[in-house]
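> after the sequence you'll find the predicted model.
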Amino acid sequence: MNWIYNPWPWYVAGPLIALTMFLLLYAGKQFGMSSNLRTLCSATGAGKASDFFKFNWKKEKWNLTVMVGAVIGGFLASQFMSNNTVELAPDVITTLKGYGINSAGEAYLPTEIFSLEALSNPVNWFILIIGGFLVGFGARYAGGCTSGHAISGLSNLQIPSLIAVIGFFVGGLVMIHFIYPLIFA
C-alpha cells in the first residue's frame, strides 16, 4: 500500500497522463471537470431554466464517470488515507499556524478546515459559497477549469489554454500571498 500513499514519480505519472490524453484525443473526447458539472445540470433538467444547458448531454455522459470517480476517490482518500501527513516547509507551517490551522504538517486534512465542526461557523459557509461561486463563474468565463485547460487544452496546443493556465497561476499567487492573509489573519 505504500505506493498508493506516496506521490508517484514524474516518470510514472507523466506518461500515464500522456497516455490517457492520447487515448482521449484519439477518441475525439476532451477532459475537464467544469464540463461535467454542465452535463450533470443538463441531465437533471436545467435546460428548462437556461439555454446554456440545452445540448445533447447523452453524448457527454461518459465524462460523468470522471466526476463520480473524483467523489469516490475523495471519499476513499479521506476515510482510509487521512492518517498521512504532507511534508511542509517549516515557514509554511508557522504561517498556517498563524492563520489558526494548528494541525498543519501533522494531518493530511487539517481538522480546522475539513471537519463538521468547521461547518458550524457561518463565516466558513460564507467563504465556501462565495468561493464556489467565483470558481464556477471563473471556470465558465475562462471556457473551462484548470484541469481542462492545463491537461486537455495544453495537450491540444491551444493558445487560449496557455493564457488561461498562466492566469490561473498568477491568480493563485495573488490569492495566497495577498488575499488569503487578509481573510484569515
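It's in.
> next secondary structure after the strand or helix carrying Ile127?
Applying DSSP states H and E as the criterion places Ile127 in helix 122-141. Remark: after helix 122-141, the chain's next helix or strand is helix 146-147, criterion DSSP H and E.
> now do the helices in the protein.
Assigned by DSSP state H, the helices in the chain fall at 2-5, 10-27, 33-43, 64-80, 90-98, 122-141, 146-147, 154-155, 159-174, 180-184.
> give me the helices and strands touching the third one, please.
Spelled out, that is helix 33-43. Helices and strands touching helix 33-43, as assessed by 3 or more C-beta pairs under 8 Å, 6 or more residues apart in numbering; DSSP states H and E, comprise helix 64-80, helix 122-141. Any C-beta I mention is one placed from the backbone N, CA and C, and that applies to glycine too.
> and for it, what's in contact with it?
Contacts with helix 33-43, where a contact means C-beta atoms under 8 Å, 6 or more residues apart in numbering, come from 52-55, 57, 60-61, 63-64, 66-67, 70, 136, 139-140, 144-145, 147-148.
> which among the residues you listed end up buried?
For the contacts of helix 33-43, a burial check counting by 16 or more other C-beta atoms under 10 Å picks out 53, 57, 60, 63, 139, 144-145, 147-148.
> format these as TSV; extra columns: pLDDT and distance to Pro15.
Shown next, in TSV, are the buried ones among the contacts of helix 33-43 (pLDDT from 0 to 100; distance: C-beta to C-beta, whole Å):
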residue	pLDDT	distance to Pro15
Phe53	85	36
Trp57	87	32
Glu60	83	27
Asn63	81	22
Ala139	83	28
Gly144	83	24
Cys145	84	23
Ser147	79	18
Gly148	83	21
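> any idea of the mean pLDDT in stretch 27-47?
Averaging pLDDT along stretch 27-47 yields 84.
> same question, stretch 164-178
The model assigns stretch 164-178 a mean pLDDT of 91.
> what about that stretch, distance to the chain center?
Using C-alpha atoms, centre = their mean, to the nearest Å, the distance from the centre of stretch 164-178 to the centre of the chain it belongs to is 14 Å.
> what do you get for stretch 21-41?
15 Å.
> list the buried ones in stretch 18-33?
So for stretch 18-33, counting by 16+ other C-beta under 10 Å, buried means 21, 24, 30-33.
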